[in-house]
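Visitor: Here is my input, please return the structure:
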Amino acid sequence: MTRRSLSKRVAIVTATAVVAVGTVAAGAAVAGPGWGDGKPGKKQIAGLFDQWNRTLQTGDAEKVADLYASDAVLLPTVSNEVRADHAAIVDYFEHFLANKPVGKKIETHINVLDNNSAIDAGTYQFTLTDPETGEKRVVEARYTYAYEKRGGEWLIVNHHSSKMPEG
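Guide: Numbers count the residues shown, from 1 in each chain. Sure thing, here's the model as predicted:
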(Lines give C-alpha, C1' and ligand atoms only; values in the text may rest on other atoms or scores of the structure.)
Protein backbone atom coordinates (compact mmCIF):
# COMPACT_ATOMS: atom_id res chain seq x y z
CA MET A 1 0.00 0.00 0.00
CA THR A 2 1.40 3.39 -0.93
CA ARG A 3 1.82 6.20 1.54
CA ARG A 4 -0.74 8.29 -0.38
CA SER A 5 -3.42 5.54 -0.39
CA LEU A 6 -2.76 4.89 3.31
CA SER A 7 -3.23 8.61 4.09
CA LYS A 8 -6.41 8.66 2.04
CA ARG A 9 -7.76 5.56 3.83
CA VAL A 10 -6.95 7.06 7.27
CA ALA A 11 -8.72 10.28 6.26
CA ILE A 12 -11.82 8.37 5.12
CA VAL A 13 -11.94 6.25 8.29
CA THR A 14 -11.49 9.35 10.45
CA ALA A 15 -14.22 11.25 8.59
CA THR A 16 -16.58 8.28 8.88
CA ALA A 17 -15.93 8.04 12.63
CA VAL A 18 -16.57 11.77 13.10
CA VAL A 19 -19.85 11.54 11.18
CA ALA A 20 -20.90 8.44 13.16
CA VAL A 21 -20.12 10.06 16.51
CA GLY A 22 -21.90 13.26 15.44
CA THR A 23 -24.96 11.26 14.37
CA VAL A 24 -25.09 9.40 17.67
CA ALA A 25 -24.68 12.64 19.61
CA ALA A 26 -27.39 14.36 17.57
CA GLY A 27 -29.71 11.40 18.13
CA ALA A 28 -29.16 11.63 21.86
CA ALA A 29 -29.90 15.35 21.77
CA VAL A 30 -33.41 14.82 20.46
CA ALA A 31 -34.15 11.39 21.86
CA GLY A 32 -35.50 12.48 25.22
CA PRO A 33 -34.31 12.16 28.77
CA GLY A 34 -30.66 11.53 27.81
CA TRP A 35 -30.19 14.90 26.04
CA GLY A 36 -26.97 15.80 27.73
CA ASP A 37 -26.08 18.82 29.81
CA GLY A 38 -26.92 21.65 27.42
CA LYS A 39 -30.03 23.77 27.45
CA PRO A 40 -32.84 21.81 25.75
CA GLY A 41 -34.83 23.26 22.88
CA LYS A 42 -38.57 23.87 22.87
CA LYS A 43 -39.07 20.86 20.59
CA GLN A 44 -37.34 18.60 23.12
CA ILE A 45 -39.52 19.90 25.95
CA ALA A 46 -42.64 19.47 23.79
CA GLY A 47 -41.59 15.84 23.33
CA LEU A 48 -41.99 15.27 27.07
CA PHE A 49 -45.77 15.65 26.65
CA ASP A 50 -45.68 13.15 23.80
CA GLN A 51 -43.83 10.71 26.06
CA TRP A 52 -46.40 11.27 28.82
CA ASN A 53 -49.31 10.79 26.39
CA ARG A 54 -47.76 7.55 25.02
CA THR A 55 -47.36 6.33 28.59
CA LEU A 56 -51.07 6.99 29.20
CA GLN A 57 -51.77 4.58 26.34
CA THR A 58 -50.09 1.74 28.28
CA GLY A 59 -52.95 1.89 30.80
CA ASP A 60 -50.37 1.48 33.58
CA ALA A 61 -50.87 4.10 36.32
CA GLU A 62 -47.52 3.25 37.92
CA LYS A 63 -45.65 3.95 34.67
CA VAL A 64 -47.41 7.29 34.29
CA ALA A 65 -46.66 8.24 37.91
CA ASP A 66 -42.99 7.36 37.33
CA LEU A 67 -42.80 10.38 34.98
CA TYR A 68 -43.43 12.61 38.02
CA ALA A 69 -40.82 13.57 40.62
CA SER A 70 -41.27 12.05 44.08
CA ASP A 71 -42.25 15.50 45.41
CA ALA A 72 -44.42 16.46 42.41
CA VAL A 73 -47.80 18.12 42.76
CA LEU A 74 -50.65 17.14 40.43
CA LEU A 75 -53.77 19.30 40.23
CA PRO A 76 -55.81 17.00 37.98
CA THR A 77 -58.57 17.77 35.51
CA VAL A 78 -61.25 15.40 36.75
CA SER A 79 -60.62 15.33 40.50
CA ASN A 80 -60.92 17.92 43.25
CA GLU A 81 -58.12 16.31 45.27
CA VAL A 82 -54.57 17.71 45.14
CA ARG A 83 -52.14 14.83 44.55
CA ALA A 84 -48.82 15.52 46.27
CA ASP A 85 -47.09 12.15 46.52
CA HIS A 86 -46.43 9.12 44.35
CA ALA A 87 -49.25 7.00 45.79
CA ALA A 88 -51.84 9.76 45.30
CA ILE A 89 -50.69 10.33 41.70
CA VAL A 90 -50.95 6.59 41.00
CA ASP A 91 -54.43 6.58 42.53
CA TYR A 92 -55.56 9.41 40.26
CA PHE A 93 -54.25 7.73 37.14
CA GLU A 94 -55.77 4.36 38.06
CA HIS A 95 -59.17 6.05 37.81
CA PHE A 96 -58.36 8.35 34.88
CA LEU A 97 -56.85 5.58 32.75
CA ALA A 98 -60.08 3.55 32.99
CA ASN A 99 -61.45 6.09 30.45
CA LYS A 100 -58.67 5.30 27.94
CA PRO A 101 -57.61 8.94 27.58
CA VAL A 102 -55.92 10.13 24.41
CA GLY A 103 -54.47 13.62 24.70
CA LYS A 104 -53.87 16.18 21.99
CA LYS A 105 -52.32 19.60 22.43
CA ILE A 106 -54.27 22.47 20.93
CA GLU A 107 -52.02 25.40 21.90
CA THR A 108 -48.65 25.29 23.60
CA HIS A 109 -46.24 27.88 25.03
CA ILE A 110 -42.88 26.56 26.18
CA ASN A 111 -40.37 28.45 28.29
CA VAL A 112 -36.99 26.79 28.71
CA LEU A 113 -35.74 28.38 31.91
CA ASP A 114 -32.26 26.85 32.03
CA ASN A 115 -30.44 23.56 31.42
CA ASN A 116 -32.52 21.82 34.08
CA SER A 117 -36.00 23.38 34.08
CA ALA A 118 -38.78 24.27 31.69
CA ILE A 119 -42.48 25.11 31.67
CA ASP A 120 -45.03 24.02 29.08
CA ALA A 121 -48.45 25.69 29.30
CA GLY A 122 -51.43 25.87 27.00
CA THR A 123 -54.57 24.00 26.11
CA TYR A 124 -55.22 20.38 25.26
CA GLN A 125 -58.09 18.01 24.84
CA PHE A 126 -58.67 14.44 25.85
CA THR A 127 -60.86 11.96 24.12
CA LEU A 128 -62.27 9.71 26.83
CA THR A 129 -64.11 6.43 26.33
CA ASP A 130 -66.74 5.36 28.86
CA PRO A 131 -65.62 1.90 30.03
CA GLU A 132 -69.21 0.64 30.29
CA THR A 133 -70.90 2.10 27.21
CA GLY A 134 -67.94 2.72 24.91
CA GLU A 135 -69.29 6.23 24.32
CA LYS A 136 -66.59 8.80 23.55
CA ARG A 137 -66.49 12.37 24.79
CA VAL A 138 -63.97 15.15 24.45
CA VAL A 139 -62.81 17.21 27.43
CA GLU A 140 -60.99 20.47 26.71
CA ALA A 141 -58.65 21.76 29.40
CA ARG A 142 -55.89 24.21 30.20
CA TYR A 143 -52.58 22.79 31.39
CA THR A 144 -49.23 23.69 32.88
CA TYR A 145 -46.35 21.25 33.20
CA ALA A 146 -43.25 22.30 35.12
CA TYR A 147 -40.30 20.01 34.37
CA GLU A 148 -36.97 19.60 36.11
CA LYS A 149 -34.00 17.52 35.12
CA ARG A 150 -33.10 15.39 38.13
CA GLY A 151 -30.47 12.69 38.14
CA GLY A 152 -30.22 13.03 34.36
CA GLU A 153 -33.96 12.49 33.86
CA TRP A 154 -36.62 15.04 32.95
CA LEU A 155 -39.48 14.71 35.44
CA ILE A 156 -42.76 16.51 35.97
CA VAL A 157 -42.57 18.50 39.22
CA ASN A 158 -45.89 20.29 38.86
CA HIS A 159 -48.85 19.50 36.61
CA HIS A 160 -51.99 21.59 36.69
CA SER A 161 -54.92 20.74 34.44
CA SER A 162 -58.38 22.25 34.59
CA LYS A 163 -61.45 22.03 32.38
CA MET A 164 -62.10 25.02 30.18
CA PRO A 165 -64.56 27.28 32.00
CA GLU A 166 -66.57 28.02 28.87
CA GLY A 167 -66.66 24.43 27.57
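
Visitor: Does anything pack onto the helix or strand residue 46 falls within? Which helices or strands?
Guide: Assigned by DSSP states H and E, residue 46 falls within helix 42-56. Where contact means 3 or more C-beta pairs under 8 Å, 6 or more residues apart in numbering; DSSP states H and E, helix 42-56 is packed against helix 3-31, helix 61-65, strand 102-114, strand 117-129, strand 136-150, strand 153-163. For glycine as for every other residue, the C-beta is placed from the backbone atoms N, C-alpha and C.

Visitor: Which helix or strand lies directly C-terminal to the second one?
Guide: For helix 61-65, the succeeding helix or strand toward the C-terminus, using DSSP H and E, is strand 68-75.

Visitor: what's the following helix or strand past that next one in contact with?
Guide: Next along the chain after strand 68-75, taking DSSP H and E as the criterion, comes helix 86-96. Contact partners of helix 86-96, identified using C-beta atoms under 8 Å, 6 or more residues apart in numbering, comprise 56, 61-62, 64-65, 68, 70, 72, 74, 76, 78-79, 81, 83.

Visitor: got the buried residues for helix 86-96?
Guide: In terms of neighbour count (16 or more other C-beta atoms under 10 Å), helix 86-96 has its buried residues at 86, 88-93, 96.

Visitor: What's the local residue count around residue 126?
Guide: Here the count is done by other C-beta atoms under 10 Å, and residue 126 has 21 residues near it.

Visitor: thought it was touching residue 143?
Guide: No: with contact defined as C-beta atoms under 8 Å, residue 126 does not count as touching residue 143 (10.3 Å).

Visitor: now the buried residues of helix 86-96 as JSON lines including distance to residue 109 and pLDDT?
Guide: Listed next are the buried residues of helix 86-96 as JSON lines, based on distance: C-beta to C-beta, whole Å; pLDDT from 0 to 100:
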{"residue": "86", "distance to residue 109": "28", "pLDDT": "97"}
{"residue": "88", "distance to residue 109": "28", "pLDDT": "98"}
{"residue": "89", "distance to residue 109": "24", "pLDDT": "98"}
{"residue": "90", "distance to residue 109": "29", "pLDDT": "98"}
{"residue": "91", "distance to residue 109": "30", "pLDDT": "97"}
{"residue": "92", "distance to residue 109": "25", "pLDDT": "97"}
{"residue": "93", "distance to residue 109": "25", "pLDDT": "97"}
{"residue": "96", "distance to residue 109": "24", "pLDDT": "95"}
